[in-house]
Structure formats: C-alpha cells, structure tokens
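got a structure for you, letters missing:
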C-alpha cells in the first residue's frame, strides 16, 4: 500500500514539474531575453529560499532537542553523540548515493565560473542539502551557508541549461542563486547582492545588478514569510557608536585580521592531515568525529553553527554559556568565562577542520561569524576586567567582531559590513564596522593573498581575480586550441624527406621527435631556407645539423598567464606543447587571442 502511495506521489510530482517547465518554455517564447531573465531570477530565488528553510529549520530543531536532552542529563552527552552520527551518515550517503564524492566550499562556484562557463552538475541541487543537513544539522561544527550558496548556484546554472540560455546568462543566474541563498539565510538581501558581486562576479555591469537584486530580495522575502524569526541570526543593537572607543575598534580590527589568518591556516592543516586517509572513509570519519565529540563535550558551544551561543554573548547573562558544562559551578567567575571564550576562539578552526576533513559537509561562513563574535566579546570583556576601559559596549564589540573575521577570511569587506548592518536591524554601527572590516582585510591580505575558500584554486591558477584580462585568460582551455595534426620528422629521415614535408604543409616549424615521441628540437623553415634551395646541401646535410631548440616549450598544465608570458618573452607566434613528457602539438598565439576575443563576448554580463 505504501509503495503505491510513493509511486503515485512521484507521478504527481513529475506532472506538476512538467507543467511548470511548460509554462517557462512558453514564457521564453513570449518574453524578451531580459524579461525572461527577470522571471528566472525569481524562480531560482524561490527554489533556493525553500532549500534554506529546510536546512535551517532542521538544524534549529536538532539543536533544541540536544539542549533539552543535555538539560535532562546535566552534561552535553547528546551534543557529543549527534555529530558522530551525522558525519558517519554523511559519508554513507556520499559513498552510496553520490558516486563517492561531493564538491565542498564556495570555491567550486568560482571554478565553475572560471573554467566551466558556469556549469554545475545537477546533483549539487540536492546533494548539498542532504549532506549538510546531516553534518551541521546533527551538530558538526561548520556552517550551512556554503552548502546553501552552492545549492543556489546549482539551481541557477541548471535552470539556464534547461532553457538553453547563453553562457553569460547562465553565469548571471548562478550569481542570482548565490545572492538568494545569502539573502534568505540571513534575511539580508543587500549582503546577498554584495556577496554575489564581490566574491562570485568580480567584473559585472550595472545592468546585471537588477536580476541579482530581484533574486536577493525574493529569497529574503520568502525566508521572512516562512522561516521562524528565532531560526535566523539576528541581534538587537543596544548602544550607538561612541567615537572615543575608536582605538579599541582599531585594535579589534588588527586582532581580527591575525585571527583570520590563524583560523584559515589551522583549518587547512587539519584538512590536509585527514587527506592522508584515502582508503577507509568510515575509519577516517569515525576518528575525526570522535575527536570532535570530545571537543564538543568540553566546549558545547562548538556544536553546530553556534548561532544560539552568539546571541547569548550579546545578552546581559553571557555566563549562560557555561551551563551544562564542567565549568557550570564557576558561572559567577567572569575570568573563567573569559578564558572559556578565548579558548573557543582558538579551537573553532580545529573543530571545523575535523568536521569537514573527516568527511562531513559544510562551510566556513558561519564559523567566521562565530569566531568574530567570540573575539569581539573577549576584547571588550578583557578591557573591562583589567580596568583598561570598563565602559566598552560588549554587545557592540561582539557584533562588530563578526564583520572583522568574515572580512579577513573571505576578503569580502563590503559583504561583511552590510551583512552585520542588516542583521542588527540598523546602521548605527556603520563606522566601527568599516574600521574593523577594512583593517582586518588589510592585515589578512598581508599574510594571505587569497581568501581561505579559494586558496587551493589560486595555487593552481584556477581562480577569478579582480583583473578582468586574467579572468578571461584563465577561462580558456588552451589544450583545445593546440593543433595536434602536425607534421613531424625523426632524425633518421633525410633532408629530402623534409623538403617533401614542407611542400605539403604550411607549418613554419617542423618538430623533430625520437621513437618515443619525445621532442628533440625543431626545424625552423626561415632558418633553413638557404639550405633547401641548394640541391647540393640538401643531399649532404643531416637533420641533426639543422636541428635547433625552441626558445620555449609549453607544458599541458601551464596556466594561461605562464603561456602568455612565454609568448611575450620569446616574441614567437608559434610554440610546441608537450604532455606527460611527449610532444602534443603546436599552438599559435593568434589562436589564443582569437579565443580571448570570443570569451570576452561570452562573459560580458550586460
């Protein structure tokens, strides 16, 4: 009976889906291209907002249940057990239902834009929701925002693919999904727009703002209507900005920049450690989750996203953080509370690294806000307890600290400023937000050229930057431009054979190979012109005598920056390419420039 109901539900769902698709195909024929994009941006935003509601609601309800169980048991046993279950279930789902792999981190969005024309696989539309809900929803110490933006980007990308939109519209809808995800997750549409433009689209025209704004506003609106306010991260700002506290905000900005670098590097170290466990995924998951469980037992606020504990820090009773911990009897001791908060700042990077490195899925967006709030509280409370300044507004420093770490980790100061401005319900803290975010960004940039999410891609030369030319060059797959149908010759051949080759090809250079297809050198037609028009010299000259070495050799894994630099330094128009030590073909600078021109037309979002 239940199987019949399941089949009938599937048929009903498919029928509804087909009707919606028919409506959109009809709309595409009736509406102009620009108006259809506006409609698409709304559809993508609604889909993304519904995903946010599912994820956030699930995580919040599990947190409430765990707190209820811990209150009954008097210690955070539930907090410690749930993450182990969640990470193991995540690994099981990935291994059994997602082909054994899943793309984590918002860097995958950048890679899709830079290298794949904005194409994301269909499974990202549901894989992120399922796995992150298991990991973070059951207490893994990570955030849901990264899976949310990947899901939104996947909705946008696959919508564009479904309705056969151009590459530039596909990338635009991908960005719309990202904006809607942030807008819905925080009820912060301006931050969603800025994140999409500041992080995903580094070069965009004013006209492209409209669909992104529509998506961010729609996502935030749907979230506000359907999602309970207590699930969202929000604060009530109690005190306005006092300019006399500016030196302390400057100090907070410096510390936020340094802590951002500390968090990013420690996180990468932990992830790198777990990358060695390649054979037994369940063993890796159990090992990492068990260490995480121990950390959470002693520091329960590391459980899940940690948004509830961040809200607690801004209340008049921050000592409630110590409830259901081994330090509960010291709640009245403010120094114990300060030490507890300080340790959390240092341990969060390890907890997040354990969560994701052992096989869980999540992101660093929420952890950045978490660490920032704890750091801001620590600075203000330390100044109070040491009598350096007992009048600092702890709530304001807790809130502003979030912007500092977010800016330092993601190199997105504008997103940080306006996100915190929106979730506090006002802009009275705009000046300190600007001070802390800009200083943190500047300090972090001194130590890390790239944000933590794109560091790995940057090391491979596969990430977008603020340099438009570099962005376009990186998006070109130069191996597709290589001419592999090339005339070659071996040392054993005579010069007469070479003359025959030259009479049947327009190649200005002839590669000389050995029996294993290894490049030995080249024969340049311009260099040997005097020889081939002399019958005597043709007869008595060996190939080895006219062989020369190319001024540069391109390798299949060279980045486009390196390739163009080699062309410029050698002043050559044609260079040989090798792959895995063997000759692969010839590539022309003219072909690259032509590909650049075509990409420029495709990627210019208007």
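Structure's in. What do you need? The structure presented is a predicted model; accordingly, all values stated were derived computationally and were not measured.

so what's residue 466 scoring on pLDDT?
At residue 466, the pLDDT value in this model is 50.

ditto for residue 458
69.

pLDDT of stretch 436-446, averaged?
95.

same deal with stretch 189-206?
Stretch 189-206 comes out at a mean pLDDT of 79.

If we go by neighbour counts, what in that stretch is buried?
The neighbour-count check on stretch 189-206 (16 or more other Cβ atoms under 10 Å) flags 189-204 as buried. In this view, the C-beta of every residue, glycine as well, is placed from N, C-alpha and C.

how about these, which pair is most distant?
Across the buried residues of stretch 189-206, the longest distance by Cβ to Cβ is 22.0 Å; it joins 189 and 203.

which stretches of the protein have low pLDDT?
Scanning the chain for pLDDT under 70 picks out 1-14, 17, 202-207, 236-238, 426, 458-475, 532-534, 536-538, 540, 600-606.

what residue lies at the spatial centre of it?
residue 106 (1.9 Å; Cα atoms, centre = their mean).

and that residue, backbone torsions?
phi -70, psi -10 (degrees, to the nearest 10).

which residues does it contact?
Taking Cβ atoms under 8 Å, 6 or more residues apart in numbering, we find residue 106 in contact with 146, 149-150, 178, 199-200, 363, 365, 453.

Residue 258 now?
With contact set as Cβ under 8 Å, 6+ apart, residue 258 has these partners: residue 443.

Tell me the spacing between it and residue 439.
Separation of residue 258 from residue 439 (Cβ to Cβ, to the nearest Å): 11 Å.

so what secondary structure elements neighbour the helix or strand containing residue 88?
Assigned by DSSP states H and E, residue 88 belongs to helix 77-97. Packing partners of helix 77-97 (3 or more Cβ pairs under 8 Å, 6 or more residues apart in numbering; DSSP states H and E): helix 33-73, helix 124-135, helix 281-298.

Between these, which one is closest to residue 317.
Nearest to residue 317 among those is helix 33-73; the distance by Cβ to Cβ comes to 15.8 Å.

Next, the angle from that closest one to helix 281-298.
Calculated by axes from the mean of the first three to the mean of the last three Cα atoms, to 10 degrees, helix 33-73 forms an angle of 60 degrees with helix 281-298.

so what's the backbone phi/psi at the nearest residue to residue 25 once chain neighbours are set aside?
Excluding the flanking residues, the one nearest residue 25 by Cβ to Cβ, 6 or more residues apart in numbering is residue 163, at 7.0 Å. For residue 163, the backbone dihedrals (degrees, to the nearest 10) come out as phi -100, psi 20.

Would you mind measuring from residue 163 to residue 274?
40 Å.

Pull out the buried residues from the helix or strand hosting residue 261.
Per DSSP H and E: residue 261 is located in helix 246-274. By 16+ other Cβ under 10 Å, the buried positions in helix 246-274 come out as 248-249, 252-253, 255-264, 266-268, 270-271, 274.

Residue 357: neighbouring residues, count only.
As a burial measure, residue 357 scores 23 neighbours (other Cβ atoms under 10 Å).

Could I get the buried residue list for stretch 38-55?
Of the residues in stretch 38-55, 39-53, 55 count as buried by neighbour count, 16+ other Cβ under 10 Å.

Those: which two are farthest apart?
Greatest spatial distance in those: 39 and 55, 25.3 Å, computed using Cβ to Cβ.

List just the nearest of the contacts of residue 106 to residue 557.
Closest approach to residue 557 among those (Cβ to Cβ): residue 453, at 22.7 Å.

Number of residues surrounding that closest one?
Residues near residue 453, counting by other Cβ under 10 Å, number 25.

So the nearest residue to it once chain neighbours are set aside versus residue 113, what's the distance?
Leaving out its chain neighbours, the residue that sits closest to residue 453 by Cβ to Cβ, 6+ apart is residue 107, at 4.7 Å. Using Cβ to Cβ, residue 107 is found at 11 Å from residue 113.

Which of those two has more residues huddled nearby?
Remark: of residue 107 and residue 113, residue 113 carries more neighbours, 28 against 23, as counted by other Cβ under 10 Å.

Isn't the more buried one up against residue 172?
No - look at residue 113 against residue 172 with Cβ atoms under 8 Å: they stay out of range, at 10.5 Å.

the strands in the chain, which residues?
Using DSSP state E, the strands assigned to the chain run over residues 489-490, 509-513, 519-524, 554-555, 574-579, 582-588.

Need those in a markdown table (columns: distance to residue 84 and mean neighbour count).
As requested, the strands of the chain are arranged in a markdown table below (distance: least, Cβ to Cβ, whole Å; neighbours: other Cβ atoms under 10 Å):
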| stretch | distance to residue 84 | mean neighbour count |
| --- | --- | --- |
| strand 489-490 | 62 | 16 |
| strand 509-513 | 57 | 21 |
| strand 519-524 | 54 | 20 |
| strand 554-555 | 45 | 18 |
| strand 574-579 | 45 | 19 |
| strand 582-588 | 49 | 20 |
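
How about residue 365, nearest residue that isn't a chain neighbour?
Once flanking residues are discounted, residue 365 sits nearest to residue 145: 3.7 Å by Cβ to Cβ, 6+ apart.
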